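**Q** Give me a model of this one.
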Amino acid sequence: LFTRKTGKHILLVQIYVDDIIFASTDPKDYDMFSNDMSSKFQMSMMGQMSFFLGLQVSQSPGGIFINQSKFALEILKKFGMDSCDSVDTPMVDRLKLDEDLSGISVDQTRFRSMVGSLMYLTASRPDLVFDVCICARYQANPIKKHIEALKRVFWYLKGTINWGIWYPKDTAMALTAYEDADHAGCQDTRRSTS
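**A** Numbering: from 1, shown residues only. Model prediction:
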């Protein structure tokens, strides 16, 4: 992310490989940057952004909403859970996962693919981060109870498919963080998860 401040205005430029998005609080800065880039590079101006790197972007006078419902539907279908019932929470209350070397092994490649897909989804779904990361601990040797916990995240996803992040207009950017350590919650290492 590149930024340029001119007085009270700001120009934001985001580049990813051969994709670029930019925005400015000043239409003159926007036009100047657009003309400069177009004179030096072959560019296609796509207008108002609605999709970028797998993120769906909905812009309205009230703000910007970002979600990944299209990708969520794709992964539900990919893993055969597009017709599953939904649940209200991504993990069972007080679930304690551990390595359990005597457990029934499951397909490691499929498990890792499921974890990776959900990790990508966390770009717009902070409500999934904790539960997906708990399951991700067991990618080296996943067993039946690990994949069952991971499936529950997908069941939760099924019922919350259109959730995302809302950035309201004219609201000061304030980062707020909450933390609740679980005091040696990992059953294998006794490390805390924050």
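**Q** Quick check: buried residues in the helix or strand where residue 151 lies?
**A** In this structure, residue 151 sits in helix 144-159 according to DSSP states H and E. Buried residues in helix 144-159, counted by 16 or more other C-beta atoms under 10 Å: 145-147, 149-158. Yep, even glycine has a C-beta here, placed from its N, CA and C like the rest.
**Q** biggest separation within those residues, which pair?
**A** Within the buried residues of helix 144-159, two members stand farthest from each other by C-beta to C-beta: 145 and 158, at 20.4 Å.
**Q** Just give me how far the helix holding residue 151 sits from the chain centre.
**A** 17 Å (C-alpha atoms, centre = their mean, to the nearest Å).
**Q** In the helix or strand following it, which residues are buried?
**A** Downstream of helix 144-159, the first helix or strand assigned by DSSP H and E is strand 164-168. For strand 164-168, the neighbour count (16+ other C-beta under 10 Å) marks residue 164 as buried.
**Q** ranges for the helices of the chain?
**A** 27-40, 69-78, 108-121, 129-136, 144-159 (DSSP state H).
**Q** closest one to residue 101 among these?
**A** Comparison of those against residue 101 by C-beta to C-beta identifies helix 144-159 as nearest, at 12.4 Å.
**Q** For that closest one, give the mean pLDDT please.
**A** Helix 144-159 comes out with an average pLDDT of 97.
**Q** between that helix and helix 108-121, how many degrees?
**A** In terms of direction (axes from the mean of the first three to the mean of the last three C-alpha atoms, to 10 degrees), helix 144-159 departs from helix 108-121 by 40 degrees.
**Q** any idea how the protein splits into domains?
**A** 2-66, 71-164 (automatic domain parsing).
**Q** Measure how buried the residue lying closest to residue 57 once chain neighbours are set aside is and give me the count.
**A** Excluding the flanking residues, the one nearest residue 57 by C-beta to C-beta, 6 or more residues apart in numbering is residue 49, at 5.2 Å. By other C-beta atoms under 10 Å, the residues close to residue 49 number 15.
**Q** hang on, residue 49 packs against residue 56?
**A** No - counting by C-beta atoms under 8 Å, residue 49 stays clear of residue 56, with 10.0 Å between them.
**Q** Noted, bye for now.
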